[in-house]
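[1] need coordinates for the below:
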Amino acid sequence: MEKRRYGKTDMEVSVLGFGGAEIGFRGATDEQVKKLLSGALDLGLNLIDTAACYNTSEELIGRAVSHRRDDVYLFTKCGHAAGLDGPDWSPEMMAQSIDRSLKRLRTDYVDVIHLHGCDESVLRQGAVIEVLQKARDAGKTRYIGYSGDGQAALFAVECGAFDSLETSVSIADQEAIDLTLPKAQERGMGVVVKRPIANAAWLNETLPDNDYAKPYWDRLRALDYGFLHEGKAESVAHALCFTLSVPGVHSAIVGTTKPERYAQNASALDKGLLSEVEYEEIRNRWRAVKQPDWVGKG
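    Sure thing, here's the model as predicted:
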């Protein structure tokens, strides 16, 4: 699998990463996760992203891959109390959360810790950034980053404190392509993309129950890209390849609880990146149809 240098870091990350939210929230078993991640690592995946608030995700990942720590880059996120004492974004709570994440992941350090979607006013106060900087100085993380969208993500990029940005980019979520990614590129930041296939919302014949998929479903009905009418595998591959064709994107994380799904996602990349014509068709359609409220889905 293709690997890309992650900004100015020393990491060469797989273009397809694994997102840990789904295994945490959908009750995946240890057996499922071990099979899933073992198979993904064998196929060349080396980036796993999770968060302290993803229910059992960190523990499941720790039990599944701690014996292969040298084969994987571990990214996690902090900021929400998620069972700890203290309010969200409390520096004391966040420091405890980082230590808890390391224990859950069965490692002495992670490769990146992202602030998990805090708003711009919290970022501007600076205390949450200092918590991550102290964790980096203590060797608990190698790099620090911000996970989110919109104006908060723009401030995070422009403030110069972060090595990494995790943000939403897909055929149905293109705000970041103009707002933050060019500036992140200029600053040599690593960029990992969440929801790169927009929850494959177009595959639902009716409005989906998933709160993330609902706005994507509405947008995609209006966008009505021609390739969405192709088969499931073809349309998913086209959507994923669009996201990985966006300048400045280094890896796209996809979550699943099904061990066979990662291999399917990896095979979707066999067609390669989109041609310039294919890419601009999607971008031009977005520019023509987008509405003022089609902002990044954080």
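[2] identify all contacting residues around the helix or strand where Arg142 lies.
    Taking DSSP states H and E as the criterion, Arg142 maps to strand 141-147. By C-beta atoms under 8 Å, 6 or more residues apart in numbering, the residues outside strand 141-147 that reach it are 9, 75, 77, 98, 109-117, 123, 129, 132-133, 135-136, 152-153, 156-157, 161-167, 189-190, 194. For every residue, glycine as well, the C-beta is placed using N, CA and C.
[3] and with 7 Å instead?
    By C-beta atoms under 7 Å, 6 or more residues apart in numbering, the residues outside strand 141-147 that reach it are 9, 77, 109-117, 132-133, 135-136, 153, 156, 162-166.
[4] quick one: contacts for the spatially closest residue to Gly39 that is not a sequence neighbour?
    Once flanking residues are discounted, Gly39 sits nearest to Pro259: 5.9 Å by C-beta to C-beta, 6 or more residues apart in numbering. Pro259 makes contact with Gln32, Lys35, Leu36, Gly39, according to C-beta under 7 Å, 6+ apart.
[5] do the same with Gln174
    Gln174 makes contact with Trp286 under the criterion C-beta under 7 Å, 6+ apart.
[6] how near is it to Arg285?
    For Gln174, the distance to Arg285 equals 10 Å [C-beta to C-beta, to the nearest Å].
[7] likewise Leu154?
    Distance, Leu154 to Arg285, by C-beta to C-beta: 24 Å.
[8] Arg136 too?
    From Arg136 to Arg285 the distance is 41 Å (C-beta to C-beta).
[9] then Leu269?
    Distance from Leu269 to Arg285, by C-beta to C-beta: 22 Å.
[10] among the contacts of Pro259, who's most crowded?
    Of all the contacts of Pro259, Leu36 has the most neighbours under the rule other C-beta atoms under 10 Å, reaching 23 neighbours.
[11] wait, isn't that residue in contact with Tyr262?
    Yes: counting by C-beta atoms under 7 Å, Leu36 does reach Tyr262; the two are 6.4 Å apart.
[12] helix or strand right after the strand holding Arg142?
    Scanning forward in sequence from strand 141-147 by DSSP H and E, the next helix or strand is helix 150-159.
[13] give the pairing partners of the next helix or strand after that next one; include direction for each.
    Reading on from helix 150-159 to the C-terminus, the next helix or strand found by DSSP H and E is strand 164-168. Using DSSP bridges, the strands paired with strand 164-168 in its sheet are strand 141-147 (parallel), strand 190-194 (parallel).
[14] quickly compare those and say which is most buried.
    Most buried of those by mean neighbour count (mean count of other C-beta atoms under 10 Å) is strand 190-194; its value is a mean of 26.
[15] next, the angle helix 150-159 makes with that one.
    In terms of direction (axes from the mean of the first three to the mean of the last three C-alpha atoms, to 10 degrees), strand 190-194 departs from helix 150-159 by 160 degrees.
[16] okay, strands next: where are they in the chain?
    Along the chain, the stretches classed as strands by DSSP state E are 3-5, 12-14, 16-19, 47-49, 73-78, 110-116, 141-147, 164-168, 190-194, 251-254.
[17] if we can go back for a sec, adding distance to Ile144, write the contacts of Pro259 out as CSV.
    What follows is the contacts of Pro259, written out as CSV (distance: C-beta to C-beta, whole Å):
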residue, distance to Ile144
Gln32, 31
Lys35, 32
Leu36, 28
Gly39, 30
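[18] tell me, what residue is most central in this structure?
    The residue lying closest to the centre of the chain (C-alpha atoms, centre = their mean) is Lys194, at 3.1 Å.
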